[in-house]
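Enquirer: need the 3D shape of this:
(2 chains)
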Amino acid sequence: MKFHLYILAGLAICLLSCGKTLDQAPQGVISGQDLNTPENVEKMVIAAYAGLGNDNIHTSFSLWPWGSMRSGDAYKGGDSPGDNTDWHNYEIFSGNRPELGNTDLMWYYLYIGVSRANDALRRVNSLDSAAFPKKKIRQAEARFIRGHFYFLLKILYKHVPFIDETIAEKDYGTVSNVALSNDELWNKIADDFRFGMDNLPETQPEIGRANRSAATAYLAKTLLYQAYVQDDMNNVVSINAQKLNEVIALCDKVINSGKYMLNDDFAKNFLTQFDNSKESVFAVQFSKDDGTPKGRLNMGVALNYPMNKEFGCCGFHLPSQNLVNAFKTDKNGLPMFDHFNDADAKEGADFTGNTFDPRLDHTVAIPGHPYKYSRFIYEKTWARAPQIYGYFSSLKETVAPDDPSFQKIPPFMSSSKNTDVIRFDDVLLWKAEALIQLNRQDEALPLINAIRSRAQTSTARLKYADGTYYSNYKISIYQPGVNCTWTKDFAWKALIWERRLEFAMEGNRFFDLVRWGIAADYLNSYFTSESTKRVYLKDAKFTKNKDEYLPIPLNQLNYSRGVYKQNTGW
Amino acid sequence: MLAMLLLGLFASAQQRITGTVIHKETNIPLVGVSVQSKNQTAITDSSGHYSISARAGENIVFSFVGMKTQILVAPASGNLNVTLESNLSDLNQVVVTGYQTQKKADLTGAVSVVDLKQVKDVPLGNPVKALQGRIPGVFITTDGSPASGATVRIRGIGTLGNNNPLYVIDGIPTERGLNEINPADIESMQVLKDASSATIYGSRAANGVIIITTKKGKKGATRIDFNSSLSTQSYQTKLSVLNTEERGRALWQAAINDGVDPNTASPIYQFQTGSQNGKPVLEKVILPQYIDAAKTMKPADTKWFDEISQVSLIKNNDLTVSSGTEKSNSLFSVGYYDNTGIVKGSSLKRLTARINTEYRMLNDKLTIGQNFMGTFSTGTLVPAEDIVNLALLSQPIVPVHTISGGWGGPAPGMTDRHNPVRLIEDNRQNKSRFYRVFGNAYANLQVLPVLTLRSSIGIDYAGTYQRTIRKSYTSGFLSDPSNQVNTSQDYSGNWVWQNTLDFTKNINKHSINVLAGSELIKYMSQNFFGSRQGYALETIDYAYLNAGSSNKDNGGSGAANSLFSFFGKVNYVYDTRYLLSAIVRRDGSSRFGSENRFATFPAVSAGWRLSEESFIKNSQSFISDLKLRYGWGITGNQSIADNAIYDLYSAIYGTDPTWDRDRGSAYDINGGNSGQLPAGFTKTQRGNKFLKWESTTQSNFGIDYGFFDQKLSGSIDYFIKKTSDILLTPPSLAVIGEGGDPTVNGASMVNKGFEGVVNYDGKIGDQVSFSLSFNIATYRNRITRLPENSLTAFPGNGNDKVIINRSVNSFYGYVADGIFQNKEEVDNSPAQNGKGIGRIRYKDMNGDGMINGDDRDYIGTADPDFTYGFNAAFSWKHFDLSFFFQGVKGVMVNNGTKIYTDFSSLWPGTNWGSRTLNAWTPDNPSSTIPALTLVNRNDEGRFSTYYLEPGSYLRLRNVQIGYDLSYLSNRIHIKRAKAYLQSSNLLTFKSKKFTGPDPEAPNSTYPIPVIWTFGLNLSL
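Expert: So this is what the prediction gives:
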């Protein structure tokens, strides 16, 4: 019997001591508090930078599905309008709806970028500057990244909830997308860049970090957008001269910093070996063979390669016929402002019989011309659905199949080539735009001509082995009194044209059109003419006072339970 | 005269009748069977043998507790072997109810006992699948996928996360299901459905408990049982898809409908279009010489489904050796299951072995034993589900091979999906090796005659090892010049330590039993992988990590949790009439913070055996059993992420960005374009330190009945099951960023339901005996409380349309209101983006003249009206026949395959269903399928009533005919033998309105296969 008692006693002791067994440390993860050391806070700033490139095949942070495809410069592409229908609905506008999945996904991914920046910023703020000497700089970097994501949100959705590091997470749901007015929201974004301008060093030891000029330039861009004052219906009702003056001053700061200049060859902006060139003010850094499963590739453009043997998928984002025609030049080497679209340049002799701005062959893959300056000739068979979308495809975001930065990730492919967020040519043209709007068009002339001169000399890579050029290039600068009359109206027309050609297919154009207040007229007339060539565009219609911005995603409206308000017209 | 009489008497004189009595289901000799002739009673010995004197022609009665009594005529030969079958309605049957056993008559909870003889020959590999439809209130769904398990729902959906029941095998709880258990090893199976019976298993028992007891050696001679079966498995129904010419015709029609030149609709198909009465007519579909620019693929008419599927062969063999003495018993079994797979290249081979032993010592006061099972299986890693899906998506014009023997693949205008035959051939060398060890060792000590102490240590560990090579390929416009070898291993499982004290005492009419115990469970899992690229050879013999030259990658992770519980139970019976049972269990889980770690779960139940009351017993003798039962109890649920209480970050360097965004935190801040990158941390979870146990309170009202000496018997149960503080992780507002919103204790819901079962055993004449069994069950689900923090977890818009007072299985979407027939209808309808003739008209639910997201509403639920099953078994001489029907009535299913079968615009680059040929045109206005189009202007993929279809079905789940060969035992040295032929899923009746292949698996591309089996059971 005693023996039995021993067993019972033993059991009882064990049972009591077993309570501790429920203390189970999480495996392989780290708590938020453990990250508040200077070393880990540095890492959290890196994580915020990583957010810049964490986009997806359907949600390109380059904004091509919204900024380029919807601007008259590009078609969706793919195998048919039914392939990635969300994009088709964007392209024709009439099919756009608040429930489209890509609208929600893009919103979410951009806010992930914001939240990473806020997370890093809170941690930087919590450190003492004695323990963390770079406190101010890292604060400014985190705010720069946050400003960047809010800028993208702002031009896509107009009214978005502004959440900064001072708002507790539990209160996020109470912040409405209309808590701030249109102007106040721009001010918040400008504040982040202004803080960067005031606190970032002129040069950072790591090339990928934002520096003072990057923040200054982004501030200029923000103020330029803000200067075109919109009413509640998205109409541009006035232009704020004071903001424009500020834009000019900020652009001058960047120009006078001496850090940046135009590359001698336009091509260098679109070749991996010239990543972070003198012209790149701020770029998203991509990499491969870097220890990640497939590389940190530019996934936002992964569907934009043609359908040949070396690539194979998926033929999205194709230059429109209208865009190709826009590269035509007249006998003086100036744009054919009024008659560029009278006849189509499609293939073969069309490109030797007419004259063109050389930027055409940096931008558009044309049947019979070498692809991306390489030994591969772009053939008609590389096009995926030519009967619907024609034969052209896009070049700036791609690399040649034998480029070292090229990477297959079946069924897709991309590269480790950087994406420029701000380039020096953009800075020059912002300044030119502000000057013209302030009736100082004569001061804008040399800026626009600088861009054109560089284009003029950018033909070295556009030659066959025998020295003949792919196309017949003829481009000249504007010479008032010689080949043009440089009035404000003419200068404005020239600027609009210059921006289109310089940044074609780069995801800006639609936002330019909205900023200038001409989106409805411009796009509806484009649809009228282009739908005679591309039948599916017969369904396209831009509704004024609505389509300037995407709708607030239906999911977010629902989840917010009435805190968010839908955009005008939706 | 007297001499004559004496002579006559001696003519039919007493003789010795001898033989063996065997248990019908297990083929094991029965010890202690009472054998009765007119003037003698004998008992079978340890080898089931008996000897009795009787006259030839006289009746001999064989009876045994828990078995149906057999009355047989004494043969002149003197040899009479007998098989007895178990009698489930027998009230003395012993049932396992949680750390102990009880007589069925004394049960007060809702416990169902599985009739194993009905299911033991069903060749499904997974014993749970065979239960489908046989137990009321246990709803099992499977699909035809070779790899699929079974989804088991006991009494509806009780919570939002894990709804799987808990399995208890030989007393050891596991959540792993029964996939790896050899069905031949199972002795008994019970389902605890209500809280008053399940609460003893506490946490994890809220969804019900399935208890399995494996076979043990029985007292008697050494025995050998051998079962062998061979089955074929094939698809009888599948999605009907277009052939090459039909795909062209559908495309032409879509283009014509769109007003587009059909010759611009595809880079491949061309058409000769004529005109009739001013309308275009298709005269000819013209195929190109090659479908790709490189001229490697000629147009084909590939039947992809036939290319990838085959008649599968399942071989199942198992051998059991058992023996028992007064002091010990042992059982050893091996089973081998080989399924070649219905998708070519897929296969699963599984070896299971079991050793159960038990030793009795110290005058039987101490029992020490163990149950131990090992499983080892090898499966090919052919991605079977993808392959079946791809076989439906691939266009028939694509050839399997190019003209030079390479792989065919997508051509321009097609979606970027793989050639499924290539996936088979390039993966068939890749194998996954799996092992699981499961078992326990225990000791029972009878401390006092009334007090037993039991301690048991159990283990349940499993692991997988995979070494795979991904070959390089070119297949249409898809190609990958790189190859990769990946080797991975994982290892997970838990140990369980249980201690119980059992006190039993009978005093006069009082019978009392008290159980107290504790249980400790520690779970862990760990895994890692390594991969390299750049392999010179693409053979599996070369495919080791060392042989790769580039892109070395590796990773690994782990998890852990633990549970600790005390429990106690009191059973009290007075005079076999009044039954009372009370349980209390205190559970602790590492998943909750220290304040909420423990919770207490009580249960009480009572029963009244009316049939034992004298007013029935004496006057209503046709009532053999009548019991009223009531039970109430609370069970807990802790199935959330191990670390849900914590705010967590992970050092995610980078993730595969092919389809989903990179979640990593590495960044090329130095602009080096390659090499090791600086990296940070990614937020993976927001914690909620206030999380506490979810709990389910259940009341059960039951009646057990039996009439005419249990010939007619059954039970009826009604339950109310309320779940509160449901643990859920609601979708979050995007501004919160990565990691999402934390897990919360959210909504409450209630399930109410009814279950009934009726059995009848009868005879037709002397020769034919039969048994019939019918069951029916139903439940209604309703969300009763919806706090703000869980609003987004349910269908609805979060504002005026919330799911409160509706079923959690509600469908929320648009109402499709037919097809626009003409321009007038289009013009006079509310504004609807993309509307047009031949398009789906959606209903303007809020009457604002506009069709948009606000017009979505609750449009049905996935809850069936009721589910039912009917089993009939007959035996006649050496033959037995059984069939089993199972059905679901009044259920709505979301037939997602319509996206593919009905539309040319929703997935334009794939093949389409044959239904597209019957789509709406002005000449075919009665069609319910919208007009074909190449562009989905009307957003017809939106979820609407168009996709909801009645999913009721009635299926002949099993039919079996058996022939007993035991009479051969005189001639050859066997104890028993039986041969049978059976078929599963032979017949299905479904609603005409259901357009998919199989209402049971409406969203799976796998139909349920038809299985034919021939088998042999042998005992030596």
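Enquirer: center of the chain - which residue?
Expert: Because you didn't say which chain, this covers chain A. Ranked by distance to the mean C-alpha position of chain A (CA atoms, centre = their mean), the top residue is A:Ser62 at 2.9 Å.
Enquirer: oops, wrong one, chain B.
Expert: So for chain B, CA atoms, centre = their mean, it's B:Ala150, sitting 1.5 Å from the centre.
Enquirer: that residue and chain A, how far apart?
Expert: Taking CB to the nearest CB, to the nearest Å as the measure, B:Ala150 and chain A are separated by 30 Å. All C-beta spots, glycine's among them, are computed from the backbone N, C-alpha and C.
Enquirer: okay, that residue: pLDDT?
Expert: The predicted structure scores B:Ala150 at 77 on the pLDDT scale.
Enquirer: quick check: it vs A:Ile163, distance?
Expert: Distance of B:Ala150 to A:Ile163, computed by CB to CB, to the nearest Å: 45 Å.
Enquirer: now swap in B:Phe566 and tell me
Expert: When distance is defined by CB to CB, B:Phe566 is 47 Å away from A:Ile163.
Enquirer: just the pLDDT for A:Arg187.
Expert: No, residue A:187 isn't Arg; it's Asn. Model confidence at A:Asn187, given as pLDDT, is 98.
Enquirer: ugh, wrong one, B:Leu906
Expert: Reported pLDDT for B:Leu906: 87.
Enquirer: just to confirm, which helix or strand has it in it?
Expert: If you go by DSSP states H and E, B:Leu906 is not part of any helix or strand.
Enquirer: would you confirm that it contacts B:Asn938?
Expert: No: judged on CB atoms under 8 Å, B:Leu906 makes no contact with B:Asn938 at a distance of 10.7 Å.
Enquirer: which of these two has more neighbours?
Expert: B:Asn938 (24 against 18; other CB atoms under 10 Å in any protein chain shown).
Enquirer: excluding covalently adjacent residues, which one is nearest to the more buried one?
Expert: B:Gly834 (3.7 Å; CB to CB, 6 or more residues apart in numbering or on different chains).
Enquirer: mind checking the SS state of the one you found?
Expert: coil (DSSP: H, G, I helix; E, B strand; the rest coil).
Enquirer: does it really touch B:Arg942, like I thought?
Expert: No: under the criterion of CB under 8 Å, B:Gly834 is not in contact with B:Arg942, lying 10.5 Å apart.
Enquirer: how about the contacts made by the residue in the stretch 151-300 of chain A positioned nearest to chain B?
Expert: Chain B sits closest to A:Thr292 of the stretch 151-300 of chain A, with a gap of 2.7 Å, by CB to the nearest CB. Residues counted as contacts of A:Thr292 (CB atoms under 8 Å, 6 or more residues apart in numbering or on different chains) are B:Tyr653, B:Gly654, B:Thr655, B:Asp662, B:Gly664, B:Ala666, B:Leu677.
Enquirer: and the residues you listed, which is closest to B:Lys295?
Expert: Checking the contacts of A:Thr292 against B:Lys295 with CB to CB, the nearest one is B:Asp662 at 38.2 Å.
Enquirer: grab the nearest non-local neighbour of the closest one.
Expert: Nearest to B:Asp662 is A:Asn54, by CB to CB, 6+ apart, at 4.8 Å.
Enquirer: please enumerate the helices of chain B.
Expert: With DSSP state H, the ranges of helices along chain B come out as B:2-11, B:116-119, B:195-198, B:244-258, B:304-308, B:384-393, B:420-427, B:614-617, B:823-827, B:898-901.
Enquirer: what comes up buried for the fourth one?
Expert: Put plainly, it is helix B:244-258. Buried residues in helix B:244-258, counting neighbours by 16 or more other CB atoms under 10 Å in any protein chain shown, are found at B:244, B:246-258.
Enquirer: any idea how many residues pack against the residue in the stretch 301-450 of chain A positioned nearest to chain B?
Expert: Shortest the stretch 301-450 of chain A-to-chain B distance, computed as CB to the nearest CB: residue-wise this is A:Thr381, at 3.2 Å. Around A:Thr381 there are 19 other residues, counting by other CB under 10 Å.
Enquirer: and B:Ala391, by the same measure?
Expert: Neighbour count for B:Ala391, taken as other CB under 10 Å: 26.
Enquirer: need the residues of the stretch 401-550 of chain A near chain B, please.
Expert: A:Ser405, A:Lys408, A:Ile409, A:Pro410, A:Pro411, A:Phe412, A:Ser416, A:Asn418, A:Val535, A:Tyr536, A:Asp539 (CB under 8 Å from any CB of the partner chain).
Enquirer: show me what the closest residue to the fourth one other than its chain neighbours is bridged to.
Expert: I take that to be A:Pro410. Nearest non-adjacent residue to A:Pro410, counting by CB to CB, 6+ apart: B:Asp480, 4.3 Å away. Taking DSSP bridges as the rule, B:Asp480 bridges to B:Tyr473.
Enquirer: B:Asp480 and B:Gly409, how far apart?
Expert: Computed as CB to CB, the B:Asp480 to B:Gly409 distance reads 12 Å.
Enquirer: looking at these two, which is more packed in?
Expert: Comparing B:Asp480 with B:Gly409 by other CB under 10 Å, the one with more neighbours is B:Gly409, at 27 against 18.
Enquirer: can I assume that one is in contact with B:Ile397?
Expert: No: contact between B:Gly409 and B:Ile397 fails when scored by CB under 8 Å: they sit 12.0 Å apart.
Enquirer: do I have it right that A:Leu219 meets A:Phe193?
Expert: Yes: between A:Leu219 and A:Phe193 there is a contact under CB under 8 Å: 3.8 Å.
Enquirer: neighbour count winner among those two?
Expert: For A:Leu219 versus A:Phe193, neighbours defined as other CB under 10 Å are more numerous around A:Phe193 (30 against 27).
Enquirer: which helices and strands does the longest helix along chain A pack with?
Expert: Criterion DSSP H: the longest helix present in chain A is helix A:101-126. Judged by 3 or more CB pairs under 8 Å, 6 or more residues apart in numbering or on different chains; DSSP states H and E, helix A:101-126 is in contact with helix A:38-50, helix A:85-92, helix A:135-157, helix A:554-560, strand B:682-685.
Enquirer: let's have these in JSON lines, adding distance to B:Ile521 and mean neighbour count.
Expert: Shown next, in JSON lines, are the helices and strands packed on helix A:101-126 (distance: least, CB to CB, whole Å; neighbours: other CB atoms under 10 Å in any protein chain shown):
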{"stretch": "helix A:38-50", "distance to B:Ile521": "35", "mean neighbour count": "23"}
{"stretch": "helix A:85-92", "distance to B:Ile521": "47", "mean neighbour count": "23"}
{"stretch": "helix A:135-157", "distance to B:Ile521": "44", "mean neighbour count": "24"}
{"stretch": "helix A:554-560", "distance to B:Ile521": "37", "mean neighbour count": "23"}
{"stretch": "strand B:682-685", "distance to B:Ile521": "23", "mean neighbour count": "23"}
